[in-house]
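Enquirer: have a look at this prediction, sequence included:
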Amino acid sequence: MEPDQQHSPGFSSCWSETGFNLGSRLLVLKGEPSEIVIHCLKEWNINKLCFEFDTEPYYQALDDKIKSYASLVGIEIFSPVSHTLFNPAEIIQKNGGTPPLSYQSFIKVAGQPSWSSSCLSTSLSCLPPPGNLGSCTISEVPSLNDLGYEESEEQDERTPIRGGESEALRRLSESIADKDWVANFEKPKGDPSAFLKPATTVLSPYLKFGCLSPRYFYQCIQEVQKNVKRHTSPPVSLLGQLLWRDFFYTVAFGTPNFDKMRGNRICKQIPWDSNDELLAAWRDARTGFPWIDAIMVQLRKWGWMHHLARHCVACFLTRGDLYVHWEKGRDVFERLLVDSDWAINNGNWLWLSCSSFFYQYNRIYSPISFGKKYDPNGNYIRHFLPVLKDMPKEYIYEPWCAPLSIQTKAKCIIGKDYPKPVVSHDSASKECRRRLAEAYELNKKQNGTVSEEDLKKLRRKLEEDKIQESKSKRLKQKSIG
């Protein structure tokens, strides 16, 4: 905000410590956001309001309220697009009014960012002082309890990710210092089980909260690439990951109901199950599959896990094994991830559930063999599931296969100390593939206009087929016996 009086307060986008060091501070106010901001605009006699353009529907609705009021009373608005590399609206306009629905088409339309050769600064010499706060009640920075999260005294329960711009720039500097690593970064080859030193930059939370400019990050990568003989290219390169981020932002911005199955024109209509018991087992790390449960424990403790680990648990919940609606898993990630981003979170769940973008539903992440190829000893599992720390490596991914004597020696009886698998992976994944094949056929037949009644009919058919298949199996077993 730009005040019209020397001592009127302004909002700083910096974190409190940085703002204080530069002569200002972070002001925290509680209440309905649009009402609070409008009250401040009145109280502080503001004549210019500056804020970053936001593509998320919730914040767009809030921003529209503020802009309507500002227009009414003659307050100037400055709202630049700076949270992404490109302006999503411009990409959509260039593409004929609809967002590009593939990464390659997005890259083709987007081209090079117009600012890519401009000098971007990451430092400020000073900020305006807060001034007279009037009758506005300023609160302290909220605690975890204030935000609805339980505070734990156990150190291993705390995320190693610390907030703030200074920490973001430190992490960025540390990442790009290894020029060979930056040049050779190739996303599919990362190790999802690496937790002591993650196989990625872990900069996603800082991008999400604005602690790190994606444009500055882009330029830092470009600078490294200029000074090496060869480097990887998008979509797998480090630069490619920033472009993936913009791709999802653009599609989300241009797709009504992007965060839902119903009313979402790019989403396959699939009659997912609403099994609260399976959802809870997945969410609470009680599936009986150690690789899956260890990932979900890391999510709850750290608020972060490697992107391939996210792929594994998302696939397992939806099209891989449990056939639970992707929106349910999305909600859990949204609650627990420190880098949860509306566009990227929804985009990835659409992708991993084979509801949009990616349609090869026969390709799944095995909850047993996938983790084993990265971490055959199971160190990741032993760290996040200490109940299994003494289980021999031969059984660490399938502890239910261990003889009782081995379970006893490992002090972990399956079904007592650690749960039995909630499903048989082989039969569950086969059933998921059968259901998805039927759902895809329905979407093709209806040319994408699948009604709620169509989904109900297909759900009934799938259940009837399952019952009939079970009867056939029993008769076959009886005849063999």
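Expert: Now that the structure is in, tell me what you want to look at. Numbers count the residues shown, from 1 in each chain.

Enquirer: tell me, how many residues neighbour the closest residue to Thr232 other than its chain neighbours?
Expert: The shortest distance from Thr232 to any non-neighbouring residue, by CB to CB, 6 or more residues apart in numbering, is to Glu186 (5.2 Å). Any C-beta I mention is one placed from the backbone N, CA and C, and that applies to glycine too. Residues lying near Glu186 (other CB atoms under 10 Å) number 12.

Enquirer: pretty sure Glu186 contacts Pro235?
Expert: No - checked against CB atoms under 8 Å, the pair Glu186 and Pro235 is beyond contact range at 10.1 Å.

Enquirer: which residues are common contacts for these two?
Expert: Common neighbours of Glu186 and Pro235, using CB atoms under 8 Å, 6 or more residues apart in numbering, do not exist here.

Enquirer: was I right about Lys260 contacting Trp326?
Expert: No - under the criterion of CB under 8 Å, Lys260 makes no contact with Trp326, lying 10.2 Å away.

Enquirer: nearest the geometric middle of this protein, what residue?
Expert: Asn345 (3.6 Å; CA atoms, centre = their mean).

Enquirer: could I get the average pLDDT for the helix or strand harbouring that residue?
Expert: Assigning secondary structure by DSSP states H and E places Asn345 in helix 342-352. Mean per-residue pLDDT for helix 342-352: 98.

Enquirer: over to stretch 166-183?
Expert: On average, stretch 166-183 scores 95.

Enquirer: what does stretch 242-251 give?
Expert: So the average pLDDT for stretch 242-251 ends up being 98.

Enquirer: on that earlier part again, name all residues that make contact with the residue nearest to the centre of the chain.
Expert: Residues near Asn345 by CB under 8 Å, 6+ apart: 330, 333-334, 337.

Enquirer: for burial, what's the neighbour tally of the residue nearest to Leu238 when sequence neighbours are not counted?
Expert: Leaving aside its sequence neighbours, Leu238 sits nearest to Phe185 (CB to CB, 6+ apart; 4.2 Å). Neighbours of Phe185 under the rule other CB under 10 Å: 24.

Enquirer: Phe185 reaches Pro235, doesn't it?
Expert: No - in this structure, Phe185 is not within contact of Pro235 by CB under 8 Å, at 11.7 Å.

Enquirer: where along the stretch 101-250 of the chain do the helices fall?
Expert: 103-110, 165-177, 179-184, 204-208, 214-226, 238-253 (DSSP state H, counting those that start in this stretch).

Enquirer: restricting to C-alpha, output the shortest one in CSV.
Expert: Coordinates of the C-alpha atoms in helix 204-208 are reproduced here as CSV (Å, rounded to 0.1, in the frame of the first residue of the first chain):
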residue,chain,number,x,y,z
SER,A,204,9.0,-25.8,-3.8
PRO,A,205,7.8,-24.4,-0.4
TYR,A,206,9.7,-21.2,-1.0
LEU,A,207,8.3,-20.8,-4.5
LYS,A,208,4.8,-21.4,-3.2
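
Enquirer: contacts for it?
Expert: The contact list for helix 204-208 (CB under 8 Å, 6+ apart) reads 161, 163, 165, 167-168, 171-172, 211-212, 214, 217, 245, 303-304, 338-341.

Enquirer: over to stretch 171-188?
Expert: 201-203, 206, 212, 217, 220-221, 223-225, 227-228, 230-232, 235-238, 240-241, 307.

Enquirer: which of those residues count as buried?
Expert: 201-203, 206, 212, 217, 220-221, 224-225, 231-232, 235, 237-238, 240-241, 307 (16 or more other CB atoms under 10 Å).

Enquirer: show me which of Lys260 and Trp326 is the more surrounded one.
Expert: Between Lys260 and Trp326, counted using other CB under 10 Å, the more crowded position is Trp326 (25 against 12).

Enquirer: pull the contacting residues for that one.
Expert: 261, 272, 314, 317-318, 349-350, 352-353, 355.

Enquirer: show me what contacts the residue lying closest to Asp191 once chain neighbours are set aside?
Expert: Ranked by CB to CB, 6+ apart and with sequence neighbours excluded, the top spatial neighbour of Asp191 is Ala199, at 4.5 Å. Counting by CB under 8 Å, 6+ apart, Ala199 makes contact with 190-192, 306.

Enquirer: which one of those is nearest to Pro57?
Expert: His306 (28.8 Å; CB to CB).

Enquirer: pLDDT at that closest one, what is it?
Expert: 96.

Enquirer: from Phe370, how far off is His306?
Expert: Remark: distance between His306 and Phe370 (CB to CB, to the nearest Å) = 12 Å.

Enquirer: cool, His325 as well?
Expert: The gap separating His325 from Phe370 is 23 Å, by CB to CB.

Enquirer: ditto for Glu174
Expert: 29 Å.

Enquirer: neighbour-wise, which of the two wins?
Expert: More crowded of Glu174 and Phe370, by other CB under 10 Å: Phe370, with 21 against 10.

Enquirer: by contact count, what packs against the helix or strand hosting the more buried one?
Expert: For Phe370, the element it lies in under DSSP H and E is helix 369-374. With contacts taken as 3 or more CB pairs under 8 Å, 6 or more residues apart in numbering; DSSP states H and E, helix 369-374 sits against helix 290-302.

Enquirer: helices or strands up against the helix it packs on?
Expert: helix 276-283, helix 307-315, helix 326-336, helix 369-374, helix 379-384.

Enquirer: quick one: which of the ones you listed is nearest Thr255?
Expert: That would be helix 326-336 among those, by CB to CB, at 15.0 Å.

Enquirer: output the helix holding Phe370 as CSV - backbone C-alpha positions only.
Expert: What follows is helix 369-374, C-alpha atoms only, in CSV (Å, rounded to 0.1, in the frame of the first residue of the first chain):
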residue,chain,number,x,y,z
SER,A,369,9.2,-53.2,-6.0
PHE,A,370,9.4,-49.5,-6.8
GLY,A,371,11.0,-48.4,-3.5
LYS,A,372,13.1,-51.5,-3.3
LYS,A,373,15.1,-50.6,-6.5
TYR,A,374,16.2,-47.4,-4.9
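
Enquirer: for the record, mean pLDDT for that helix?
Expert: For helix 369-374, the mean per-residue pLDDT is 97.

Enquirer: mind listing what's buried along it?
Expert: Using 16+ other CB under 10 Å as the test for burial, helix 369-374 gives 370-372, 374.

Enquirer: nearest to Thr137, of these?
Expert: Ranked by distance to Thr137 (CB to CB), the buried residues of helix 369-374 are led by Gly371 at 49.8 Å.

Enquirer: ok, the closest one touching Trp291?
Expert: Yes - counting by CB under 8 Å, Gly371 touches Trp291, with 3.8 Å between them.

Enquirer: which neighbours do those two share?
Expert: With CB under 8 Å, 6+ apart, Gly371 and Trp291 have common neighbours 312, 381, 397.

Enquirer: can you list the residues you listed in JSON lines and add pLDDT, distance to Glu43 and neighbour count?
Expert: Shown next, in JSON lines, are the shared contacts of Gly371 and Trp291 (pLDDT from 0 to 100; distance: CB to CB, whole Å; neighbours: other CB atoms under 10 Å):
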{"residue": "Cys312", "pLDDT": "98", "distance to Glu43": "50", "neighbour count": "25"}
{"residue": "Ile381", "pLDDT": "98", "distance to Glu43": "55", "neighbour count": "27"}
{"residue": "Tyr397", "pLDDT": "98", "distance to Glu43": "60", "neighbour count": "23"}
